[in-house]
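Visitor: Task: produce atomic coordinates for the following.
(chains A and B)
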Amino acid sequence: MSDRIDVRKTYKLYIGGAFPRSESAYSYEVKDSKGKFVANAALASRKDARDAVAAARKAFGPWAGRTAYNRAQIVYRIAEVMEDRRPQFVQAVVQSEGLTASKAEKVVDAAIDRLVWYAGWADKITQVVGNANPVAGPYFNLSTPEPTGVVAVLAPQESSLLGLVSVVAPVIVTGNTVVVVSSYERPLPAVNFAEVLATSDVPGGVVNILTGSAPTVAPWLASHMDVNAIDLVGVAGDLGLATDLEVAAADNLKRVRRAPAAEPDWAVNPGLDAMTAFLETKTVWHPIGV
Amino acid sequence: MTTPFDYAPAPESRSIVDIKPSYGLFINGEFVDGHGKSFKTISPATEEVLAEVAEADDADVDAAVKAARRAYDRVWSRMPGRERAKYLYRIARIIQERSRELAVLESIDNGKPIKESRDVDIPIVAAHFFYYAGWADKLEYAGRGADPRPLGVAGQIIPWNFPLLMLAWKIAPALACGNTVVLKPAETTPLTALLFAEICQQADLPPGVVNIITGAGGTGQALVAHPGIDKVAFTGSTDVGKAIARTVAGTDKKVTLELGGKAANIVFDDAPLDQAVEGIVTGIFFNQGHVCCAGSRLLVQESIADELLAKLKRRMSTLRVGDPLDKNTDVGAINSAEQLARIRELSDIGEAEGAGRWSPECVLPQHGFWFPPTIFTGVTQAHRIAREEIFGPVLSVLTFRTPAEAVEKANNTPYGLSAGIWTEKGSRILKIASQLRAGVVWANTFNKFDPTSPFGGYKESGYGREGGRHGLEAYLR
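Guide: As a prediction, this is how the structure comes out:
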């Protein structure tokens, strides 16, 4: 047994449903919580970010056009496949975050449960945040939420799995597509998550995952004119960078979810904000009786 | 085209309004002199100087923000919602009581036809205060949790196209939610906001809850950048909106932006054409086209383009352009010399780029700022008049063959504020409405507004909603 040399995995990017290396051919050393070498992860470049945006844009119309029931089933399917690979995620969380096995199990369970929670929102959020409006005239008037479009997400640096799931699931369940920059030092759970997505009926391009450095890649996403919104939680605590990104985002008036002073506690019930931040309200009028 | 009848002049009397020679700033419940220079506000229909108005400088902005903070801390945020509601109901009632005075003053200062200020602007202003008054003691049912809290002091900047209506959209929800405000009206249309300040006094609104500071862009910048405000609400151009988004970056200030638009008004071959013509006219010539959600791009299905354009031209020939105070006037004065220059420039560019220009014959007054209702035909998507917001009575006409092409052309803009659809086929309305990337979609109607109906844009038309339950979100934690 011990004679066998294990087959190691190449950790790659996830763009448009495929797993390319960085076009820059750069990679970086990923270490476990004790400082031991684990893998060389792809270091995403500006070009990778742009490719990911193009893939996300292409996927947006069809994804937003699916029925809410169908999106719910697909997000639920992600949870199913994650549950199936639970030991792999537990190991990745232990390795990345230095947790004990029992604590890592709780984190993985919470991540799976969060996916299940968000899956159910797909066909309920419209009823909760939309409404009919009793205008003073003979008009039918209805306000409904619609997805904002392509959302860039800087995933949290510390919570490499639960945090990641907590910022990706609310964005896609409502019909947006997403380009995620993973935790820089803890990217491996994100790559495992990409492999789950690839086998969960999630159409290619709906979620695109870049491993690498938020300070390097994020400015290109923040200023990209075909990105509609950005979640800055991954640069929590770096007010200077967060401010620069928010300034860049103003070029096309991206919806900005600002970075908090410190990374939030992802175990807390998330509420609706992570979904409503990336929804637009559309109001349709039609005359009655003429 | 000749008209069978000539209209006799039917001017509304100006005697109901009392315009003072000069106005100060309304800070902490009183009119005070500003520290800065003053500027003149004129009637755009006659170029007559109406009044001198104070230009608030940094110290004035600071004084207004401090007054609003004091009122927030000591009075307004502590007052039960049911009591705040009564002040807002009072304001709504006084607006109704003084509606004719407000309408006449609005038409004099802005140049819009009296029939619009009287029948559209002022009634909706009163309705807006009445609607949000009722929310003040029901906020726990607004879907924002059991104990929603106000933000604090709101800095609000409004444009000149609907001066008092935009004031109502800003102030009514802010106060209902328990915030206090510092509001800056546009420099060309300050007078109804200053009359509103008097209404606040008549209502015995506690000092500092509403502060009105007049001035131009510099005053607005000082307000947005002031560290003492918690919220910025802006309606105006997309360029200024972007500058505001940059200014507030890295702060905790909450922002809502209601910006420009280049709305497509799509007419399918099965549309009721006479209704559609009325909708097109309402869409682009209402309020001289000074409407961010104006239907400034007409997309007409190729097979009916000639017929529709003939009807449209016939209808345009009956539009009466002239004295805003004449009750028969359909199209009033352009709000300022600057705006007139912008409309002329873009129209000349439209012609130079090869589009066909047409206006009905109409005699424009000698003085003041005027532009005839104008359409451009043969416009392509690359033309500047199809891409840039003109903010005047100028319609660009494009054609399409298939619904998919209509949607693609409609969405081919950085803006996303509004859109129109004209067809008798219900399922087509719902399909097209779902595909348009715009915050308000009018189907077989256009340019309808109501306090209960959320308004706001997608993409570079801004973010946040004003009106309805959704409008509360902008002013609550």
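Visitor: In three-state terms, label the nearest residue to A:Asn252 once chain neighbours are set aside for me.
Guide: Nearest residue to A:Asn252, sequence neighbours excluded (Cβ to Cβ, 6 or more residues apart in numbering or on different chains): A:Met225, at 5.0 Å. All C-beta atoms are positioned from the backbone trio N, CA, C, and that covers glycine. The local conformation at A:Met225, judged by DSSP: H, G, I helix; E, B strand; the rest coil, is coil.
Visitor: And A:Met225, how far from B:Ala264?
Guide: 21 Å (Cβ to Cβ, to the nearest Å).
Visitor: The two - which one has more neighbours?
Guide: Ranked by neighbour count (other Cβ atoms under 10 Å in any protein chain shown), A:Met225 and B:Ala264 place B:Ala264 first, with 28 against 11.
Visitor: Relative to chain A, how far out is the residue nearest to B:Gly152 when sequence neighbours are not counted?
Guide: Excluding the flanking residues, the one nearest B:Gly152 by Cβ to Cβ, 6+ apart is B:Asp230, at 3.5 Å. Counting by Cβ to the nearest Cβ, to the nearest Å, the separation of B:Asp230 from chain A is 14 Å.
Visitor: And for B:Gly456?
Guide: To chain A, B:Gly456 is 7 Å away according to Cβ to the nearest Cβ.
Visitor: Model confidence for that residue, exactly?
Guide: On pLDDT, B:Gly456 comes in at 98.
Visitor: wouldn't it be in contact with B:Gly464 here?
Guide: Yes - B:Gly456 lies in contact with B:Gly464 (Cβ atoms under 8 Å); the separation is 5.7 Å.
Visitor: Which neighbours do these two have in common?
Guide: Taking Cβ atoms under 8 Å, 6 or more residues apart in numbering or on different chains as the criterion, B:Gly456 and B:Gly464 both touch B:Thr256, B:Glu258.
Visitor: Comparing those two, which shows the higher neighbour count?
Guide: Neighbour count, other Cβ under 10 Å: between B:Gly456 and B:Gly464, B:Gly456 has more, with 29 against 21.
Visitor: how about the nearest residue to that one, chain neighbours excluded?
Guide: Excluding the flanking residues, the one nearest B:Gly456 by Cβ to Cβ, 6+ apart is B:Arg465, at 4.2 Å.
Visitor: repeat for B:Leu308
Guide: Closest to B:Leu308 by Cβ to Cβ, 6+ apart is B:Val300, at 5.3 Å.
Visitor: Can you pull out the low-pLDDT segments for the chain?
Guide: I went with chain A, as the question did not name one. Along chain A, segments meeting pLDDT under 70 span A:1.
Visitor: oops, I was thinking of chain B
Guide: Chain B contains residues with pLDDT under 70 at B:1-4.
Visitor: what does it have sitting close to chain A?
Guide: Applying Cβ under 8 Å from any Cβ of the partner chain, one finds that chain B approaches chain A through B:127, B:143, B:238, B:241-243, B:245-246, B:249-250, B:257, B:259, B:414, B:429, B:433-434, B:438-445, B:448, B:450, B:452-456, B:458-460, B:462-463, B:465, B:468-470.
Visitor: Return the members of those residues classed as buried.
Guide: Listed as buried from those are B:127, B:143, B:238, B:241-243, B:245-246, B:249-250, B:257, B:259, B:429, B:433, B:438-445, B:448, B:450, B:452-456, B:458-460, B:462-463, B:465, B:468-470; burial here means 16 or more other Cβ atoms under 10 Å in any protein chain shown.
Visitor: Out of these, name the ones that lie in strands.
Guide: Among these, the ones falling in strands (DSSP state E) are B:Leu257, B:Val440, B:Val441, B:Trp442, B:Ala443, B:Gly462, B:Tyr463.
Visitor: Including distance to A:Ser166, could the residues you listed go into CSV?
Guide: What follows is those, written out as CSV (distance: Cβ to Cβ, whole Å):
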residue, distance to A:Ser166
B:Leu257, 28
B:Val440, 32
B:Val441, 33
B:Trp442, 38
B:Ala443, 38
B:Gly462, 28
B:Tyr463, 23
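Visitor: Which of these sits closest to A:Arg86?
Guide: Of all those, the one with the least separation from A:Arg86 (Cβ to Cβ) is B:Tyr463, at 39.3 Å.
Visitor: show me what contacts the closest one?
Guide: Listed by Cβ under 8 Å, 6+ apart, the contact set of B:Tyr463 reads A:Leu253, A:Arg255, B:Val255, B:Thr256, B:Leu257, B:Gly456, B:Gly457.
Visitor: make it 10 Å
Guide: With contact set as Cβ atoms under 10 Å, 6 or more residues apart in numbering or on different chains, B:Tyr463 has these partners: A:148, A:229, A:253-256, A:280, B:241, B:245, B:255-259, B:439, B:456-457, B:474.
Visitor: On the three-state scheme, B:Pro123 is what?
Guide: helix.
Visitor: Nearest residue to it in space, please, no chain neighbours.
Guide: Closest residue to B:Pro123 apart from its sequence neighbours, by Cβ to Cβ, 6+ apart: B:Ser99 at 7.3 Å.
Visitor: What does the spatially most central residue of chain B show for phi and psi?
Guide: Centroid check for chain B by Cα atoms, centre = their mean gives B:Phe162 as the closest residue, at 4.1 Å. Main-chain dihedrals, B:Phe162, degrees, to the nearest 10: phi -130, psi 70.
Visitor: Touching, it and B:Gln288? I think so.
Guide: No - here B:Phe162 does not reach B:Gln288: they are 11.6 Å apart, not a contact under Cβ atoms under 10 Å.
Visitor: Mind listing the shared neighbours of these two?
Guide: Common neighbours of B:Phe162 and B:Gln288 (Cβ under 10 Å, 6+ apart) are B:Asn110, B:Lys112, B:Glu116.
Visitor: show me where the stretch 151-290 of chain A has strands.
Guide: A:177-181, A:207-210, A:229-231, A:255-257, A:279-287 (DSSP state E, counting those that start in this stretch).
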